[in-house]
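**Q** sequence and predicted structure are below.
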Amino acid sequence: MRPSYFLYHIRRDSGVSLLEYVLGLAILAIVLVGVGLFFASQPRQLDPVFQFRAVSLAEALSEQLMAVKFDANNNPAARERCGINGVTVCANSSQASTGNINDFNVVDDFQLWCGINAIDGETLAGQLNLPQPRLYRHFRIESCVEPDASEPFKKVTIKVGIEQGSTLSFILHRYNIR
């Protein structure tokens, strides 16, 4: 081979052809789509953390719900239950004057947070004295009380809505015990 022929081919092959350029762009697009999908799936990987916090918030609320009287007409000191053995029938109405959980004295007070009156998670966590209430700012809590005159219990539904759109629902039956 002659040296001039070799130098000619080096100069001619040193550029990028259109086919190589398009192929490089296609590979780059595939890599960018893969990286984008990875980062888009990151919030879903945090769901277990949010679910754990939602459950702990609902658990603290249910403990508070179990600590109050079943009804305003119950008299725990006299061991009297409303609507039983001649005691006044259950009132099935809220007694609280505010939406502060410290003012809740009967199960029906939790009805104040039903529907559009749901309480913010950070506010509730502060009222329940949970550590670091700001961790619960992504939640919205709804508690609805459904009394049933034919049954000796009230059905309490606690829904914890997570900012990402998921909702965890819990159903409690609070019996006419005290």
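**A** That came in fine, so what should we check first?

**Q** what pLDDT, on average, does the lengthiest helix in the chain get?
**A** Longest helix in the chain, counting residues (DSSP state H): helix 18-40. Average pLDDT, helix 18-40: 88.

**Q** contacts made by stretch 153-163 with the rest, please.
**A** Stretch 153-163 is contacted by residues 47, 50-51, 54-55, 57-58, 61-62, 65, 70, 92, 107-108, 110, 118, 121, 138-148, 167-176 when judged by C-beta atoms under 8 Å, 6 or more residues apart in numbering. (Each C-beta comes from the backbone N, C-alpha and C, glycine too.)

**Q** only the C-alpha atoms, please, for that stretch, written as PDB.
**A** Output in PDB follows, covering the C-alpha atoms of stretch 153-163 (Å, rounded to 0.1, in the frame of the first residue of the first chain):
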ATOM      1  CA  PHE A 153     -72.600   0.200  69.400                       C
ATOM      2  CA  LYS A 154     -71.600   3.100  67.200                       C
ATOM      3  CA  LYS A 155     -69.700   2.600  64.000                       C
ATOM      4  CA  VAL A 156     -66.800   4.900  63.700                       C
ATOM      5  CA  THR A 157     -65.000   5.200  60.300                       C
ATOM      6  CA  ILE A 158     -61.600   6.800  60.300                       C
ATOM      7  CA  LYS A 159     -60.200   7.700  56.900                       C
ATOM      8  CA  VAL A 160     -56.600   8.900  56.500                       C
ATOM      9  CA  GLY A 161     -56.000  10.500  53.200                       C
ATOM     10  CA  ILE A 162     -52.400  10.700  51.900                       C
ATOM     11  CA  GLU A 163     -51.500  13.700  49.800                       C
END
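
**Q** report the buried residues of stretch 155-170.
**A** Neighbour counts over stretch 155-170 (16 or more other C-beta atoms under 10 Å) mark 156, 158, 159, 160, 161, 162, 168, 170 as buried.

**Q** among those residues, which one sits closest to residue 79?
**A** Ranked by distance to residue 79 (C-beta to C-beta), these are led by residue 156 at 23.2 Å.

**Q** confirm that that closest one sits in a helix.
**A** No. Under the criterion used here (DSSP: H, G, I helix; E, B strand; the rest coil), residue 156 is strand, not part of a helix.

**Q** run through the bridge partners of it.
**A** residue 145, residue 172 (DSSP bridges).

**Q** show me the shaky parts of this structure.
**A** Along the chain, segments meeting pLDDT under 70 span 1-15, 42-46, 149, 164, 178.

**Q** now do the domain split for it, please.
**A** What automatic domain parsing lists as the domains of the chain is 3-40, 46-175.
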